[in-house]
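With the input below, show me the fold.
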Amino acid sequence: MQYILHFLFIILCSHYSTDSNAQLLNDPVSLKNVQASLDKIYNYEFEEARTTISLVEKKYPNHPVSHLLDSFILFWKYLPIKDNPVRSKEYMHKLNQCLDAINKKYGKNSLDPEAVFYTMVARGYMAMLYNYRGEMMNAAGEGKKAYNAFVEGLKLIQKNPEFYFTSGMYNYYVEVYPEEHPIVKPLLVFFKSGDKALGLKQMDIATKQGTITRAESNFYISHVYLKYESRPDKAVGYMEKLVDLYPKNPIFRMKHVEALILSGKYEEARKEVADLRKINAGFYPAAWRTFQGIIEEKGEKNDAVAQKEYLLALKTPHDAQYTKEYHALAYAGLARIAARAGNKSKAKEYYKKCLDKAEYRSVIKEAKDFK
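Numbering: from 1, shown residues only. Below you'll find the predicted structure:
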């Protein structure tokens, strides 16, 4: 995944200006409505979210935050939005409306802190969509347009704990993204250097001290530990918090199960896999079949049943943004089973297919280390 996403939360509570342009942020009632709408969106209660957003829109017509909240609903309601051309177009339109509203409210290229941060949000959303379409140059280009906002956020970290999230994300991803996507290196040559260890520390602080950024901090730091740091055990606790807060969110539940299984906590994962199996639409079957395969293979030592689950998982379409790695895990599982059966050539074949899908560093290492 990925991920320069949902910086909306920081903006909503981070500043304390008395300028008239900051009126919404000094309006406790409207700010509470914004926060409530975010919680409803995370918990897949979209109509309820729409009701609270309308209260904000009525009081603050054409405010940038309304367009951002609308885009946020589209993102979650039609997930994965990149596969829905009509909704993707609507999504980008909302983000462009946000940029237009920023220019009208604050002036073009305004250095007002709020204008800078609203711009960062919209550009971040656009970069996210380009990233998942595989348009890495466009994604990096949007990131470059938002660069000054990120740098300003690094300066504000001591004034507001919400900035630990944005600063942590910047410090980590500005280093890891070009490692994973060398094509963007020329675009990032003038960017301020990051620090992955510091980024992890800052994101962790955000999960504890942040209020508006709490959910995003937990989600992204868990993803980092799963994909890049190969520490699924560290991801478990962060995802547990999200499942407790937003029990209706299937993505959070899916990632929690993944963290449990990759940590070897098969018994704990078993019940949640049973819950996931109730979702037969979209890309979820690819997830729960892969999870069931790992439980059967590693928890029950039943290669025959595991093989069946892995093969069924591979017949289920995956999503590049959320479940591509589960196909890689299924191929890796089949490779291990083939190796134990003494079929080394078949194991190599499966690991080759695994490498075509894999993005997690631990999975890539397993496949490459097989001789």
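
Which element, helix or strand, includes S54?
According to DSSP states H and E, S54 maps onto helix 46-59.

top helix in this structure by residue count?
If you go by DSSP state H, the chain has its longest helix at helix 85-106.

Quick one: list the elements packing against that helix.
helix 64-77, helix 113-132 (3 or more CB pairs under 8 Å, 6 or more residues apart in numbering; DSSP states H and E). Just so you know, the C-beta spots here come from the backbone N, C-alpha and C atoms, and that holds for glycine as well.

mean confidence for that helix?
If you average the pLDDT over helix 85-106, you get 92.

List the contacts of it.
The set of residues external to helix 85-106 that reach it, using CB atoms under 8 Å, 6 or more residues apart in numbering, is 21, 62-64, 67-68, 70-71, 74-75, 78, 81-82, 110, 112, 114-115, 118-119, 121-122, 125-126, 129.

Q292 against E309, yeah?
Yes - using CB atoms under 8 Å, Q292 is in contact with E309, at 4.7 Å.

Neighbour count: these two, which is higher?
The residue with more neighbours, out of Q292 and E309, is Q292; 25 against 22, by other CB atoms under 10 Å.

Just read off the phi/psi values of the more buried one.
Backbone torsions of Q292, given as degrees, to the nearest 10, read phi -60, psi -40.

Next: H181.
Residue torsions, per degrees, to the nearest 10, at H181 are phi -130, psi 80.

any idea how far the closest residue to it other than its chain neighbours is from K357?
Excluding the flanking residues, the one nearest H181 by CB to CB, 6 or more residues apart in numbering is M136, at 5.2 Å. Between M136 and K357 the computed distance is 18 Å (CB to CB, to the nearest Å).

Just the buried ones from the contacts of helix 85-106?
63-64, 67-68, 70-71, 74-75, 78, 81-82, 110, 112, 114-115, 118-119, 121-122, 125-126, 129 (16 or more other CB atoms under 10 Å).

Give the phi and psi angles for E229, as a check.
In terms of degrees, to the nearest 10, the main-chain angles of E229 are phi -90, psi -10.

Quick one, which of the helices and strands packed on helix 85-106 gets closest to R231.
Nearest of the helices and strands packed on helix 85-106 to R231, taken as CB to CB: helix 113-132 at 23.3 Å.

The closest one - contacts with which helices or strands?
helix 8-14, helix 64-77, helix 85-106, helix 136-145, helix 147-155.

Could you identify the helix or strand that succeeds the first one?
Moving toward the C-terminus from helix 8-14, the first helix or strand encountered (DSSP H and E) is helix 28-42.

Next, the buried residues of that following helix.
S30, L31, N33, V34, Q35, A36, S37, L38, K40, I41, Y42.

Select, from the residues you listed, the two members most distant in space.
Maximum pairwise distance in those, criterion CB to CB, is 19.3 Å, between S30 and Y42.

re the thing from before, for T207, which of the helices and strands packed on helix 85-106 is the nearest?
Here helix 113-132 is closest among the helices and strands packed on helix 85-106 (CB to CB), at 19.3 Å.

and that closest one, what's its mean pLDDT?
78.

Measure how far it is from the centre of its chain, please.
Per CA atoms, centre = their mean, to the nearest Å, the displacement of helix 113-132 from the mean C-alpha position of its chain is 14 Å.
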